[in-house]
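In: mind folding the following:
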Amino acid sequence: MTLSISLTVNGTVQAVALEDPRVTLLDLLRERLHLTGTKKGCDRGQCGACTVLLDGRRTNACLVLAAAQDGASVTTIEGLAEGGQLHPVQQAFIDHDALQCGFCTPGQIMSAIGLLAEGQAGDDPERVREGMSGNLCRCGAYAGITEAVLDAQARLAAREDAA
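Out: Sure thing, here's the model as predicted:
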């Protein structure tokens, strides 16, 4: 039995036929839609490498079934840059050297965008660390990640003030 679903992925409607209803959103993104920026780390929701925005909320894509997301909107790391311009969070990660091996970086960036959209970062590094605690970095780039999130928050606020 084939199940047909429709997702809006990075602003584009995608019609997908699922032969197996147990396919996770992560596997659909990586294997069927070839969006490999979303990483498969632990495949158990413990590392955050697979974080995407699902209907605007940060979600571990390895924990949700694709079949249950019919009609949903998904944003992956590939959908952030606009017109060749990096998203402010992406640029802040570069500017603050908030990565080493880079494996966790897409999930960290997506989680940071979600955290900022939720208004949970504040201006306290401890709040940022707590808010990002579901995303692990094997290399230990946490100080740079925290600085990048705080800087991105300021950049986004300045961009809103200018608009």
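In: okay, CA-based contacts and neighbour counts for the rest of this
Out: OK.
In: Gln100 in helix, strand or coil?
Out: Secondary structure state of Gln100, per DSSP: H, G, I helix; E, B strand; the rest coil, is coil.
In: do Gln108 as well
Out: Secondary structure state of Gln108, per three-state DSSP, is helix.
In: which ones are touching it?
Out: 48-49, 51, 132, 135, 145 (C-alpha atoms under 8 Å, 6 or more residues apart in numbering).
In: leaving aside the residues next to it on the chain, what's closest to Tyr142?
Out: Counting by C-alpha to C-alpha, 6 or more residues apart in numbering, Tyr142 lies nearest to Ala98, which is 7.2 Å off, once chain neighbours are set aside.
In: check contacts around the one you found.
Out: Contacts of Ala98 by C-alpha under 8 Å, 6+ apart are 141-145, 147-148.
In: ok, Thr36 to Gln85 distance?
Out: Applying C-alpha to C-alpha, to the nearest Å, the value for Thr36 to Gln85 is 20 Å.
In: compare the two and say which is more crowded by neighbours.
Out: Each of Thr36 and Gln85 has its neighbours counted (other C-alpha atoms under 10 Å); Thr36 has more, 18 against 10.
In: the more buried one touches Asp27, doesn't it?
Out: No - using C-alpha atoms under 8 Å, Thr36 is not in contact with Asp27, being 9.5 Å away.
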